[in-house]
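Enquirer: Just to be clear, the model below is a prediction. Sequence and coordinates:
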Amino acid sequence: MTLWNKPAHELHDLLVKKEISATELTQDVLARMDAVEGKVKAFLTITKEQALEQAKAVDEKIAAGENISFLAGIPGAVKDNICTKGVRTTCASKILENFVPPYDASVVTKLQKEFPVLVGKANLDEFAMGGSTENSGFYPTHNPWNTECVPGGSSGGSAAAVASGSAIFALGSDTGGSIRQPASFCGVVGMKPTYGRVSRYGLVAYASSLDQIGPITRDVTDCANVLNVIAGHDDMDSTSSFAEVPDYTKSLVQDVKGLKIGLPKEYFVDGMDQDVEKAVRNAIEQLKSLGAEIVEVSLPHTKYAISTYYLIAPAEAATNLERYDGISYGERIDGADVVELMTNTRSKLFGEEVKRRIMIGNYALSAGYYDAYYLKALKVRTLIQKDYTDAFEKVDVIAAPTAPTPAYKIGEMISDPLKMYLQDICTVPLNLAGLPGISVPCGYSQKHMPIGLQLIGKPLDEATLIRTAYTYEQSQSFHKEMAELGGAEA
Amino acid sequence: MKYEAVIGLEIHCELKTKTKIFCGCETGFGGDQNTHVCPVCLGLPGVLPTINKRVVEFGIKAGLATNCTINKFSKFDRKNYYYPDLPKNWQTSQYDLPIAEHGWVDIDVEGEKKRVRLTRIHMEEDAGKLVHSGNTIKDSASSNVDYNRTGVPLLEIVSEPDMHTAEEARTYMEKIKAIMEYIDVSNCRMEEGNLRADVNVSIRPVGSKELGTRTEMKNINSFKSLVDAIDYEIDRQTEVLEDGGHIVQETRTWDPNRGITLSMRSKEDAHDYRYMPEPDLPPIVTTDEQIEAYRKELPELPDARRERLEKEYGLSDYDAGVITASRPMAEYFDEVVAGGADAKLAANWIMGELAKHLNAENKTIVDSPVEPARLAAMIQMITKGTISSKIAKTVFEEMWTSKDAPEEIVKAKGLVQITDTKAIEEIVDKVIADNPKPVEDYKGGNKKAIGALVGQVMKQSKGKANPQMVNQLLAQKLG
């Protein structure tokens, strides 16, 4: 039986019914990984041995007649900016090339309690800075639907792993769209939960007030199940929410009758790809036909979101990345004295995009510029938040494209950072407002590249997002199609 | 021209919490290098801080004890600068919304009361320690970093430039030390670096309202260095101005071995700290109820205690000031008095013999071998006339080295005072007979000559004769 192409919930049922073993499943996924990884390059570290040991342990539990949890024995990937004890965590940066954390991120600790099989650490844009995974300090990841294309980013490795069958589920992180946009590009489901819903302890910080960990899965059912595992307060993260975590699988019902879905005109931007606009509008029509009420809403400050984001995120990044100085961990390039040592280490081991954002951030924070840039950005952030607050007085969910285009060719935009930044227009505002968002497959471009529908929810209302996304998903079959590894190299 | 100095202090006070400000590591002084560390205080990738609530409590209490306004909405900020003892290369501190602001303390300098205003008190983390193979980071082949101190909580107490002499600065710092000890937020052991000051000094012509250019001296860690460094800096600046030069705004370092200040870095090299609100820590929101609850927990503070000692026991302002300058001494005093000792005598003995012995052996009053109860018993023996003050000194010496009660010492050594008139009279008669010269002098009008005779009587009685009775009897007999 081919197993790598099934969602976790189907595999869980097969495991429970003892039709398959966790070892068989893991071997099947690892074999698939062997077949495709050379073209996709979704991973920075592969942990085959550990995976097979974990699978064996789950099989022993099953043999002993124990009840197994949803993720037990299910092969998953973790983005390589999430710390895993004893397993190299590089953030796709040369500066952490050999960094092995002595501790697990809180999400990893929570996952481990469910006994999943962790097959490896997924590639990303260096320190999660980018939207194409081309900024990886090691190598770019390729889109499984067309390996000449980018998988999106920064969680491009996680999305490509799930889309290509090298993992059944993955964890990503989302600072300005880094879960949702690669999910959209790779035809999988990706959710950025509300800021504070999932602990950030052990997620290597890019922009602390925007970062959030979330699931990347084959379908909405898997998304709800993974979110159940990772959500909830953590004493180690002072910004994590104390709000109770509902059972998200209770929201896996097909019912959007009377649900008010807002359509923000500002998200259908000029220059948006026509295939994307068509697919997203079709999806919204579909939701309407399922009983939802579509309401026009306005989010007037959306046009400032990109500039606001590219001041706040780099400012936080500039300080967050100060610790990589070659002194007490990570790589070091020596110098005549301590200043030269730090300068050499940072100049030579950070990539171009990381250095660009550090410079922007330090500029925005420096004396004489703080008020004009950073402080102003914080004020605009408040206005963007208020836009949503106002809109959510009228609607339950907001629908929009996840990205203005489908996946583009590797190298197409790398020399034009500004154009690349504009790609984030539909995803960035949520991070600034701390809101949850989910991307679900809603069709294809003429070149058969996946397109994502983005649903945006009220704070801590992931449940309604899951219900809406599930209802839409079950009304069509986009989520059932797997990538075919097309493209010149395939 | 006559110049006046303007001095302001930033005092760093290490808090005595069990654990560090943002993680669960212990704060204890000493320990092998890098043993009190964890991923959080080492600033490893991915870690987040969590606030130690005791630190906020201590910050609020320090603010209340120094008449500050407590900011009910306060926050942490990142102060960015690269230095190898700072694992994140920023210090988590407070910038525009410190926990407490706008306070004051009163100090006494040469009998005059002066008010020093506090600008602010803020909470922050300490940095680690660099251990150089040479003397400084610049001339060392290598340096090791010890992160044990990284993340130890500090309060930074910033004064207004309200002081004008080294003596005022010292008295102010002593007052801050006393208050922090009283409210029990810091051990204030200067030799362990619990209390350190950055000192800003400028001078201006007497009568001028404008401030001169200031220099800052970092990390002054003893009262002596504080006074010496300020005096040196005032002299240096005066000399520069009198030679027609101008003061350069700069950071200087005090070299206690050479007794001079040296330039460290000028204003042009000053850091742009690029302060940013700490996104990993929510703002600290405190309620009026909480603040009032902390206020109720505050003990009697030095000023109030001093007043009480003056009123209740009739101690002089000076004595009360010395006794209450440190909480352990004030508590020791209270225990001696509670043990039944006369308060004035207790103050004299604590400030005299006890202080002398403690200083000689470099001990603090907490480690005094003579406990309050024994000192109280001894003082009672003086009051009752069982022993003279002079003999008491012998008894005190014995108590210092033994665990014996004063009564036992007096008994064992036969030190009981002679108060039997007949016995004293016998000695007095003998002394008068044996010393015709002083007797003549006295009778001839030199009343001071009686001293020599008293001395002889005391000597012959081995110090045990009651001196008052000796005086009385001699005066009687010599008519």
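Expert: Yep, it's here. Numbers count the residues shown, from 1 in each chain, chains lettered A, B, ... in the order given.
Enquirer: Give me the neighbour count for residue 448.
Expert: Looking at chain A here, since you left the chain open. As a burial measure, A:His448 scores 14 neighbours (other C-beta atoms under 10 Å in any protein chain shown). Glycine gets a C-beta too; all of them are placed from N, C-alpha and C.
Enquirer: sorry, should have said chain B
Expert: By other C-beta under 10 Å, 9 other residues sit near B:Lys448.
Enquirer: which SS class is it?
Expert: Judged by DSSP: H, G, I helix; E, B strand; the rest coil, the three-state class of B:Lys448 is helix.
Enquirer: Quick check: it vs B:Gly479, distance?
Expert: Separation of B:Lys448 from B:Gly479 (C-beta to C-beta, to the nearest Å) stands at 17 Å.
Enquirer: for A:Ala128, same thing?
Expert: 105 Å.
Enquirer: Between those two, which is the more surrounded one?
Expert: Neighbour count, other C-beta under 10 Å: between A:Ala128 and B:Gly479, A:Ala128 has more, with 30 against 6.
Enquirer: pLDDT score assigned to that one?
Expert: pLDDT for A:Ala128: 98.
Enquirer: again with B:Pro438
Expert: We have a pLDDT of 87 for B:Pro438.
Enquirer: mind listing what it touches?
Expert: B:449-450, B:452-453 (C-beta atoms under 8 Å, 6 or more residues apart in numbering or on different chains).
Enquirer: Buried ones from those, can you make that a ChimeraX selection?
Expert: Command for ChimeraX, covering only those of the contacts of B:Pro438 found buried under the criterion 16 or more other C-beta atoms under 10 Å in any protein chain shown:
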select /B:449,450,453
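Enquirer: Pull the contacting residues for residue 387.
Expert: Using chain A. A:298-302, A:429, A:433.
Enquirer: I was thinking of chain B, sorry if that wasn't clear
Expert: Neighbours of B:Ile387 in contact, by C-beta under 8 Å, 6+ apart: B:378, B:381, B:395, B:410, B:415-417.
Enquirer: before we move on, what about B:Ile450?
Expert: So B:Ile450 contacts B:438, B:442, B:471, B:474-475, B:478 (C-beta under 8 Å, 6+ apart).
Enquirer: Now do the contacts for B:Ile427.
Expert: Applying C-beta under 8 Å, 6+ apart to B:Ile427 gives the contacts B:457, B:460-461, B:465.
Enquirer: repeat that for 10 Å
Expert: Under the criterion of C-beta atoms under 10 Å, 6 or more residues apart in numbering or on different chains, the neighbours of B:Ile427 are B:418, B:456-461, B:465, B:470, B:473.
Enquirer: what is the rounded mean pLDDT of whatever helix or strand it lives in?
Expert: Assigned by DSSP states H and E, B:Ile427 belongs to helix B:421-434. For helix B:421-434, the mean per-residue pLDDT is 88.
Enquirer: ok, now stretch A:323-342?
Expert: Mean pLDDT, computed over stretch A:323-342, is 94.
Enquirer: Just checking: what are the partner strands of the strand ranked longest in chain B?
Expert: Counting by DSSP state E, the longest strand found in chain B is strand B:112-125. Here strand B:112-125 is paired, per DSSP bridges, with strand B:100-109 (antiparallel), strand B:153-159 (antiparallel).
Enquirer: mind listing the helices for the stretch 151-300 of chain A?
Expert: For the stretch 151-300 of chain A, helices defined by DSSP state H, counting those that start in this stretch occupy the ranges A:156-164, A:180-186, A:220-230, A:274-289.
Enquirer: Tabulate these in TSV, adding columns for mean neighbour count.
Expert: Output for the helices of the stretch 151-300 of chain A, formatted as TSV (neighbours: other C-beta atoms under 10 Å in any protein chain shown):
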stretch	mean neighbour count
helix A:156-164	36
helix A:180-186	35
helix A:220-230	26
helix A:274-289	17
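Enquirer: Dump those to TSV, plus distance to A:Ser106.
Expert: Below are the helices of the stretch 151-300 of chain A laid out as TSV (distance: least, C-beta to C-beta, whole Å):
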stretch	distance to A:Ser106
helix A:156-164	18
helix A:180-186	22
helix A:220-230	9
helix A:274-289	34
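Enquirer: okay, these in TSV with mean pLDDT next?
Expert: TSV is the format used below for the helices of the stretch 151-300 of chain A (pLDDT from 0 to 100):
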stretch	mean pLDDT
helix A:156-164	98
helix A:180-186	98
helix A:220-230	98
helix A:274-289	97
